[in-house]
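Undergrad: I'd like to go over a predicted model; first the sequence, then the structure.
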Amino acid sequence: MTRPRLLVALCLSLALPAPIVAQEAAPAAMDLTLRGDSVVTFDLAALKDMPVSSFETSTVWTDGVSRFTGVALVDLLGVLGEKGDSIRAVARDGYAVEIPVSDAVPEGPIVAYEMDGVPLDADMMGPYWIVYPYDSDPAYRGEEIEARSIWQLDTLELGD
């Protein structure tokens, strides 16, 4: 187990937040924080150690069909082992959106860290972007889902 993951495991076992991990693991722009009753911070390596999900879809922000790779939102929420009604997703620039927990389903949205095998650029849509499989289901099309497709994702907070 790497030192950052060991620190997260230790902090979780003591029910303490794990802010130290961000200092050792990667620059702040490469961290994703999940907040519920506990706080878990992931760097890119930790996210890549989780089960990988990917799909091909077009988006209104990109040209053609692209392959997105990342961690299923349902898997990320499973790390906290908690349930809530909503997820507040916050971007680095402060943009925030509420996502119903009911969106976090298998074959649903992912927190993408790659597009077409290339890491998402932190100055564009990355380093993390909530992407829905827009082409797989008409329910994933429209302004409401587009608003939930937050890029430069920094924090996910579970709420009631």
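TA: Arrived safely, thanks for sending.
Undergrad: show me where this protein has its helices.
TA: For the chain, helices defined by DSSP state H occupy the ranges 3-13, 20-25, 44-48, 73-80, 143-148.
Undergrad: lowest-confidence stretch among these?
TA: Within the helices of the chain, the least confident segment by mean pLDDT turns out to be helix 20-25, at a mean of 34.
Undergrad: how far does stretch 97-104 sit from the chain's center?
TA: The gap between where stretch 97-104 is centred and where its chain is centred comes out at 12 Å by CA atoms, centre = their mean, to the nearest Å.
Undergrad: now it: mean pLDDT?
TA: Within the predicted structure, the mean pLDDT of stretch 97-104 is 94.
Undergrad: neighbouring contacts of stretch 57-72?
TA: Contact partners of stretch 57-72, identified using CB atoms under 8 Å, 6 or more residues apart in numbering, comprise 47, 50-56, 104, 106, 108-117, 125, 128-129, 131-136, 146, 149. C-betas here are computed from N, CA, C, even on glycine.
Undergrad: repeat for stretch 130-147
TA: The set of residues that contact stretch 130-147 without belonging to it, under CB under 8 Å, 6+ apart, is 55-60, 65, 68, 70, 73, 89, 97, 99, 103, 107-112, 148-151, 153.
Undergrad: redo that, cut-off 10 Å
TA: In this structure, residues lying in contact with stretch 130-147 by CB atoms under 10 Å, 6 or more residues apart in numbering are 53-62, 65-66, 68-70, 73, 87, 89, 91, 95, 97-99, 103, 107-112, 115, 120, 125, 148-151, 153, 156.
Undergrad: dump it to CSV, restricted to CA.
TA: Listed in CSV are the C-alpha atoms of stretch 130-147, where the atom choice follows Å, rounded to 0.1, in the frame of the first residue of the first chain:
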residue,chain,number,x,y,z
ILE,A,130,-18.7,14.1,-14.9
VAL,A,131,-19.7,12.6,-18.2
TYR,A,132,-23.0,10.8,-18.8
PRO,A,133,-23.3,8.2,-21.6
TYR,A,134,-25.5,10.7,-23.5
ASP,A,135,-25.9,8.5,-26.6
SER,A,136,-27.0,5.5,-24.7
ASP,A,137,-30.3,6.8,-23.4
PRO,A,138,-32.6,9.7,-24.3
ALA,A,139,-32.9,10.5,-20.6
TYR,A,140,-29.2,11.6,-20.7
ARG,A,141,-29.9,14.3,-23.2
GLY,A,142,-31.1,17.8,-22.5
GLU,A,143,-30.2,20.9,-20.5
GLU,A,144,-30.7,19.4,-17.1
ILE,A,145,-28.2,16.6,-17.7
GLU,A,146,-25.8,19.0,-19.5
ALA,A,147,-25.8,21.2,-16.3
